[in-house]
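Asker: predicted coordinates and the sequence they were generated for:
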Amino acid sequence: MAMTTRFSRLQHLLLLQPRFHQSRVLRHPLTRSVMGSSSSFSSSSKLLFRQLFEKESSTYTYLLADVSHPDRPALLIDPVDKTVDRDLKLINELGLKLVYAMNTHVHADHVTGTGLLKTKLPGVKSVISKASGSKADKFLEHGEKVYIGDIYLEVRATPGHTAGCVTYVTGEGADQPQPRMAFTGDAVLIRGCGRTDFQNLVLKIAFVLIFNQIFTLPKDTLIYPAHDYKGYEVSTVGEEMQHNPRLTKDKDTFKSIMSNLNLAYPKMIDVAVPANMVCGLQDLPSSQPN
C-alpha cells in the first residue's frame, strides 16, 4: 500500500506544470511587497549570497539574505552540524537575522545542522519537505513559496535520490535575483545526479521530474548542488542539459545507468539518516510543531 501511494504521488507530480500560480507561502512576518534582486548577478543589492563548503562530506551550504529589509532576514540551505559555528559567525559578522534552516532532503552523508542552529538561536525554524517524513517546524509541499524579506524561493518536488527531495528556486520576474538560482540538493549535481538506490522509486518518473521541474527553467538559471567532488561550484541549466552524462540520455538509458552504478554502502548513512529524521538531534522532543 505504501509503495502504491508513493507511486501515485509521483504520477501526480508528472502532471504538474512547472509554473506556480497559486500556493501557500512561508513568509517572514515583516516582509514587504516589493521584491529584490541579487547583488552578485544584477545592479541591485538586495540579495546577499554566500556559498559555503564542508570538506569531509563535500557538502555545500548556502546563505541567502535580503539586506534591503530592515531586519536583514536570512536562511541557510543544507547546513552541516560540523560547520554550524562557522555559519553563525558569518551570520553575526554580516549583521543578519537567521529565520529558516532548510534542507533539500534527508541526507545520508552528513548530519544536518538545523537542530544545532535551533538550540543556539531559538527563533530559527527548521524546514523540510513534507514528503521527507522527518521532523521539522515547517513542512513544505510542491508549489509553495518561502520568503525572506522581499525575496522568495519556489519549492519544486524533485524526488529520485530520496522520495522527499525538493529543489528551491529563486522567483521569476525582474524584481527577483537574475539570473534565477536553483538549489538542487542531490537531484542534479554538476555533470551528474544523486544515487537512486536508497529507495524503491520509479527511475523513469524521477528522470521526467528533473526535466519538468528543473530543465524547464531558463537556460541561464544557475545550478547550485548540495555536493561536488571535483572542485566545481556552479553550473547552469543549459550546461547540464548539454553536458550532464546521466541526464542527456533517454529515460531507459538513465534507468540503466542508475541501476548499475554499484556504489559502496554510504559510510555515514546509519548515523546520518536516523539523526536527520529528527532535525539532526537524536534527543529532540518526540513531538515537533507543524
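Answerer: Yep, that arrived.

Asker: got the residue ranges for the helices in the stretch 51-200 of the chain?
Answerer: Ranges of helices in the stretch 51-200 of the chain, per DSSP state H, counting those that start in this stretch, are 84-93, 114-120.

Asker: for the last one, packing partners?
Answerer: Spelled out, it's helix 114-120. When contacts are defined as 3 or more CB pairs under 8 Å, 6 or more residues apart in numbering; DSSP states H and E, helix 114-120 sits against helix 84-93, strand 97-102, strand 125-129. The way it works is simple: take the backbone N, C-alpha and C, and place the C-beta from them, glycine included.

Asker: now tabulate these in a markdown table and tack on mean neighbour count, distance to Pro179 and mean pLDDT.
Answerer: Output for those, formatted as a markdown table (neighbours: other CB atoms under 10 Å; distance: least, CB to CB, whole Å; pLDDT from 0 to 100):
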| stretch | mean neighbour count | distance to Pro179 | mean pLDDT |
| --- | --- | --- | --- |
| helix 84-93 | 16 | 24 | 98 |
| strand 97-102 | 26 | 21 | 98 |
| strand 125-129 | 24 | 24 | 97 |
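
Asker: mind putting these into JSON lines with distance to Ala157?
Answerer: Shown next, in JSON lines, are these (distance: least, CB to CB, whole Å):
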{"stretch": "helix 84-93", "distance to Ala157": "27"}
{"stretch": "strand 97-102", "distance to Ala157": "15"}
{"stretch": "strand 125-129", "distance to Ala157": "7"}
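
Asker: please name whichever of these is nearest to Met258.
Answerer: Taking CB to CB as the criterion, strand 125-129 is the member of the helices and strands packed on helix 114-120 that comes nearest to Met258, at 21.1 Å.

Asker: ok, residues contacting that closest one?
Answerer: Defining contact as CB atoms under 8 Å, 6 or more residues apart in numbering, one finds that strand 125-129 is touched by 26, 99-103, 105-106, 114-115, 117-118, 134-141, 146, 155, 157, 164-166, 279.

Asker: chain center to it: distance?
Answerer: 10 Å (CA atoms, centre = their mean, to the nearest Å).

Asker: name every strand pairing with it and say which way it goes.
Answerer: strand 97-102 (parallel), strand 138-140 (parallel) (DSSP bridges).

Asker: make JSON lines out of the ones you listed and add distance to Pro73.
Answerer: Shown next, in JSON lines, are the strands paired with strand 125-129 (distance: least, CB to CB, whole Å):
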{"stretch": "strand 97-102", "distance to Pro73": "5"}
{"stretch": "strand 138-140", "distance to Pro73": "15"}
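
Asker: does the residue lying closest to Leu75 once chain neighbours are set aside have beta-bridge partners, and which?
Answerer: Leaving aside its sequence neighbours, Leu75 sits nearest to Tyr100 (CB to CB, 6 or more residues apart in numbering; 4.1 Å). Beta-bridge pairing for Tyr100 (DSSP bridges): Leu75, Lys125.

Asker: list the contacts for Tyr100?
Answerer: Leu26, Leu75, Leu76, Val124, Lys125, Ser126, Val127, Lys138, Val146, Ile148.

Asker: highest neighbour count among the residues you listed?
Answerer: Leu76 (29 neighbours; other CB atoms under 10 Å).

Asker: please name the nearest non-neighbouring residue to the spatially most central residue of the chain.
Answerer: Closest residue to the average C-alpha location of the chain: Thr104 at 3.2 Å, with CA atoms, centre = their mean. The shortest distance from Thr104 to any non-neighbouring residue, by CB to CB, 6+ apart, is to Gly185 (2.9 Å).
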